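Chemist: any chance you can model this:
(chains A, B, C and D)
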2 protein chains.
Amino acid sequence: MTTVYDVARVAGVSTATVSRVIRGSSLVSQDTRERVLAVIDALGFVPDANAQGLSNRRKNVIGLAGLERGGNEIDVEHSSVLFIDQIVHAAEGVLRGTGFSLLLTFGSRGEEFEQRLWSLSGKVDGLLVVEEVMAAGELRELASRIPLVVIAGRRTETALDVFVADNLTGMNALVAHLLGQHRYSRLCFVAGPKDAPDARERQIAFEEAVLAGPDAVIDQVIHGDFSEGSGSAAARVLLSRTSLPEAAVCANDQMAIGVLRELQRAGVRVPQEVALTGFDDIYPSRLVDPQLTTVSQPVRELGTRAAQRLLTRIAEREMPASVQLLPTTAVIRASCGCGHSHGDH
Amino acid sequence: MTTVYDVARVAGVSTATVSRVIRGSSLVSQDTRERVLAVIDALGFVPDANAQGLSNRRKNVIGLAGLERGGNEIDVEHSSVLFIDQIVHAAEGVLRGTGFSLLLTFGSRGEEFEQRLWSLSGKVDGLLVVEEVMAAGELRELASRIPLVVIAGRRTETALDVFVADNLTGMNALVAHLLGQHRYSRLCFVAGPKDAPDARERQIAFEEAVLAGPDAVIDQVIHGDFSEGSGSAAARVLLSRTSLPEAAVCANDQMAIGVLRELQRAGVRVPQEVALTGFDDIYPSRLVDPQLTTVSQPVRELGTRAAQRLLTRIAEREMPASVQLLPTTAVIRASCGCGHSHGDH
DNA sequence: TTGTATGCGTTATCAC
DNA sequence: GTGATAACGCATACAA
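Modeler: Presented below is the predicted three-dimensional model:
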């Protein structure tokens, strides 16, 4: 591997000059610059980032750690991939042009993953953490060592920078629509995993919104794990009852799609017999028939804002931490009973 | 930031011993090990990866570079995201546990991106390149500097390791099905961007398969850019003709979905009036109504195999390069005219 | 404008 | 078993 020493020797200058040329310093005469540049090109020299980083005390890398739910490939493809992938693209977009690169790690909660994140902190200047990858205490400890910003974490966090979608606004609007517009009064809720903060918040928001309504009642709460399969399972629970609820509100789109498919398999028409809603507004929610009424989360915005925040925190470590709530919005389509999709021949 | 020196001083040993403990060397007595470990824990010491890498001449990072098509957010979300994201997850899965991390960069072909990749080569031990991010010649030059494996690149490449899906097998099976099973004879093709090798191969495979059929003819070829929007545009071209083709074969699922939605918007029934097929078997292809008949590409397999290959090439630089074709397979669902989807009440 | 010398935090090669 | 000490490749303070 060729180094600055090689370049310096061949170009007949010192390593300091080579370094200056690399960094684009203006304290180099025009023709030595050109000479050095020519040698760099001829030798195919690329500066070693480790050595640069060691000298600069800066790695120009930020890490992104996220959850990878489910063990097998199918699950991975269908569950939380979309959310984290959008975050990845958003973060990469912010970093691009700043000279920083994005280092990825996925895993599932546990000792091993925690270890991995901890040692990852030696490879990066800052960490973007997506969802609750570890206990709040551990996370704060990690954050005391390295700049860290959390995406979709606990909104109750006080010591860390957190960017969260505000489940409340969208869920309120959605329930208001179901109760006000459609006059549904017996609603059921398909909840997410109990250890996911979003799942909890959506459930609470749902329950409060329904209770605040005139005379609506919560028919049943079924717990899933955010996967399409668990949505299907929830639907089977519904189908085994003597009567269906008027509407099934799901804590995310994947489960809603699972519910939809299972109901349709059983010959139950949506939304005629059961209205259905999701949460997240993932791409497929527009493709199912009927199109899914859901709540849109500002996912890319979360990623973008979090990445920007991390960069400024790296530059200015002592900034006070804060929690940023970005509003979600109801997206009314057909599955709640509004209009008709093209599929209703 | 605490260093080995700090740990050594506090623990009353030399930095060499600290290093041995970190690396888990067996040449350390039990109780010094424990003492050092305790200090490491107390001080929250994490070894600096740059310094390690500099000393080891190894970065334990591999880079992944891919194309980010389209400028705006919508496009990014809907076009090629799925493919590259699956590759990312697959590669990360292979790397996990090997001690390597994944460094991501996206961009679109051009001088700037090429520059970025070149300097990226100073940060990693090897490079995973997804699709044709730059001219073949440039890529080979880069590969001469650093271990490099291409995913979904030119199958005609001879100097580089390439992993490609074999578009031929799946397209042949698909066309054979359309001609043999359904007896369609007037087919149209919605092609992808001309600069994408996959797009070219699929088109050629299609044309050859049709010409090889008994008396089928290619009605029209319309060029899109792999986006859903370009599929809609293609459908409008079709709708403006005096008569529709019997079947529209699309070079990918996104475009097929665009075609489908536009046809249905115009009141044309699929597959009754026009049969439709896609390519890739992305998740949404199962959600549209009718479900899309398509060709499945072994995406994760590509990512996994490529990552493994890169690791072995890093260990053994002089291995001869080779092109690996992984077969694609036809996935027969409803949009070609087979059976009926649940939506056909 | 250019060169010299030193530090950056680890690992590894020696001695002890 | 353990400890000095020399790399590793680059950047920069200081000299010239």
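Chemist: who touches A:Ala266 in this structure?
Modeler: A:Ala235, A:Leu239 (Cβ atoms under 8 Å, 6 or more residues apart in numbering or on different chains). Yep, even glycine has a C-beta here, placed from its N, CA and C like the rest.
Chemist: ramachandran angles for it?
Modeler: Per-residue torsions, A:Ala266: phi -90, psi 0 (degrees, to the nearest 10).
Chemist: repeat that for A:Thr304.
Modeler: Torsion angles, degrees, to the nearest 10, at A:Thr304: phi -60, psi -50.
Chemist: now the nearest residue to it once chain neighbours are set aside: which helix or strand?
Modeler: Counting by Cβ to Cβ, 6 or more residues apart in numbering or on different chains, A:Thr304 lies nearest to A:Ala90, which is 4.7 Å off, once chain neighbours are set aside. Assigning secondary structure by DSSP states H and E places A:Ala90 in helix A:81-95.
Chemist: tell me the angle of that helix relative to helix B:81-95?
Modeler: 90 degrees (axes from the mean of the first three to the mean of the last three Cα atoms, to 10 degrees).
Chemist: and after helix A:81-95, which helix or strand comes next?
Modeler: strand A:101-107.
Chemist: any part of the very next helix or strand once past that following strand near chain B?
Modeler: Downstream of strand A:101-107, the next assigned helix or strand under DSSP H and E is helix A:111-120. Yes - Helix A:111-120 lies within reach of chain B by Cβ under 8 Å from any Cβ of the partner chain, at A:Arg116, A:Trp118, A:Ser119, A:Leu120.
Chemist: follow-up on the earlier one: for the residue nearest to A:Thr304, what are its contacts?
Modeler: For A:Ala90, the contacting residues are A:Val299, A:Arg300, A:Glu301, A:Leu302, A:Gly303, A:Thr304, A:Ala307, by Cβ under 8 Å, 6+ apart.
Chemist: which one of those is nearest DNA strand D?
Modeler: Ranked by distance to DNA strand D (Cβ to the nearest atom of the strand), the contacts of A:Ala90 are led by A:Ala307 at 24.2 Å.
Chemist: helices or strands next to the host helix or strand of that closest one in the packing?
Modeler: Using DSSP H and E, A:Ala307 sits in helix A:299-315. With contacts taken as 3 or more Cβ pairs under 8 Å, 6 or more residues apart in numbering or on different chains; DSSP states H and E, helix A:299-315 sits against strand A:61-67, helix A:81-95, strand A:126-130, strand A:148-151, strand A:161-166, strand A:323-327.
Chemist: please identify the buried residues of the helix or strand following the fifth one?
Modeler: Think strand A:161-166. Using DSSP H and E, the helix or strand that follows strand A:161-166 in sequence is helix A:167-176. Buried positions in helix A:167-176, judged by neighbour count with 16 or more other Cβ atoms under 10 Å in any protein chain shown: A:Asn167, A:Leu168, A:Thr169, A:Gly170, A:Met171, A:Asn172, A:Ala173, A:Leu174, A:Val175.
Chemist: likewise for stretch A:287-301?
Modeler: So stretch A:287-301, judged by 16+ other Cβ under 10 Å, has buried residues A:287-301.
Chemist: still on that earlier bit, going by neighbour count, which of the residues of helix A:111-120 next to chain B comes out on top?
Modeler: Within the residues of helix A:111-120 next to chain B, A:Leu120 tops the neighbour count with 22 neighbours, counted by other Cβ atoms under 10 Å in any protein chain shown.
Chemist: wait, isn't that one in contact with A:Leu127?
Modeler: Yes - in this structure, A:Leu120 is within contact of A:Leu127 by Cβ atoms under 8 Å, at 7.3 Å.
Chemist: quick check: neighbours shared by these two?
Modeler: A:Gly63, A:Ala65.
Chemist: any weak-confidence spans in chain A?
Modeler: A:69-81, A:340-345 (pLDDT under 70).
Chemist: how about A:Phe100, phi and psi?
Modeler: Dihedral pair for A:Phe100: phi -90, psi 150, per degrees, to the nearest 10.
Chemist: any idea how far A:Gly258 is from A:Arg265?
Modeler: 11 Å (Cβ to Cβ, to the nearest Å).
Chemist: one more: A:Leu160?
Modeler: Counting by Cβ to Cβ, the gap from A:Leu160 to A:Gly258 is 33 Å.
Chemist: got it, and A:Leu326?
Modeler: 27 Å.
Chemist: quick one: which two of the buried residues of stretch A:287-301 are the most distant?
Modeler: Put simply, by Cβ to Cβ the two of these set farthest apart are A:Asp289 and A:Glu301, 28.9 Å from each other.
Chemist: where does the stretch 151-300 of chain A get nearest to DNA strand D, residue-wise?
Modeler: A:Asp161 (27.8 Å).
Chemist: so what's that residue up against?
Modeler: Here A:Asp161 is in contact with A:Leu148, A:Val149, A:Val150, A:Ala306, A:Arg309, A:Leu310, A:Arg313, A:Ala321, A:Ser322, A:Val323, A:Gln324 (criterion: Cβ under 8 Å, 6+ apart).
Chemist: my guess is the fifth one contacts A:Phe163, does it?
Modeler: Yes - at 7.1 Å, A:Arg309 counts as touching A:Phe163 under the criterion of Cβ under 8 Å.
Chemist: those two: which has the busier surroundings?
Modeler: Neighbours per residue, other Cβ under 10 Å: of A:Arg309 and A:Phe163, the larger number sits with A:Phe163, 28 against 23.
Chemist: which non-adjacent residue is nearest the more buried one?
Modeler: Closest to A:Phe163 by Cβ to Cβ, 6+ apart is A:Ala306, at 4.5 Å.
Chemist: count the residues that sit near the one you found.
Modeler: Count around A:Ala306 with other Cβ under 10 Å applied: 27.
Chemist: thinking it is in contact with A:Ala152, fair?
Modeler: No - using Cβ under 8 Å, A:Ala306 is not in contact with A:Ala152; the gap is 9.2 Å.
Chemist: what residue is smack in the middle of chain A?
Modeler: With distances taken as Cα atoms, centre = their mean, A:Ile84 lies nearest the centre of chain A, 4.0 Å away.
Chemist: any part of stretch A:278-292 near chain B?
Modeler: Yes - interface with chain B: stretch A:278-292 contributes A:Tyr283, A:Pro284, A:Leu287, A:Val288, A:Asp289 (Cβ under 8 Å from any Cβ).
Chemist: columns distance to DNA strand D and secondary structure on top of the residues you listed, output as TSV?
Modeler: Putting those into TSV (distance: Cβ to the nearest atom of the strand, whole Å; DSSP: H, G, I helix; E, B strand; the rest coil) gives the following:
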residue	distance to DNA strand D	secondary structure
A:Tyr283	42	helix
A:Pro284	46	helix
A:Leu287	49	coil
A:Val288	52	coil
A:Asp289	57	coil
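Chemist: quick one: the helices in the stretch 201-345 of chain A?
Modeler: Ranges of helices within the stretch 201-345 of chain A are A:228-239, A:253-265, A:299-315, based on DSSP state H, counting those that start in this stretch.
Chemist: phi, psi for the nearest residue to A:Leu179 once chain neighbours are set aside please.
Modeler: Spatial nearest neighbour of A:Leu179, chain neighbours left out: A:Gly213 (4.4 Å); criterion: Cβ to Cβ, 6+ apart. Backbone torsions of A:Gly213, given as degrees, to the nearest 10, read phi -70, psi 170.
Chemist: what's the neighbour count on A:Gly213?
Modeler: 17.
Chemist: my guess is it contacts A:His182, does it?
Modeler: No - proximity of A:Gly213 to A:His182 does not meet the contact threshold set by Cβ under 8 Å, at 11.7 Å.
Chemist: what does the stretch 201-345 of chain A put close to DNA strand C?
Modeler: Contact residues, the stretch 201-345 of chain A versus DNA strand C (Cβ under 7 Å from any atom of the strand): none.
Chemist: brilliant, that's me finished.
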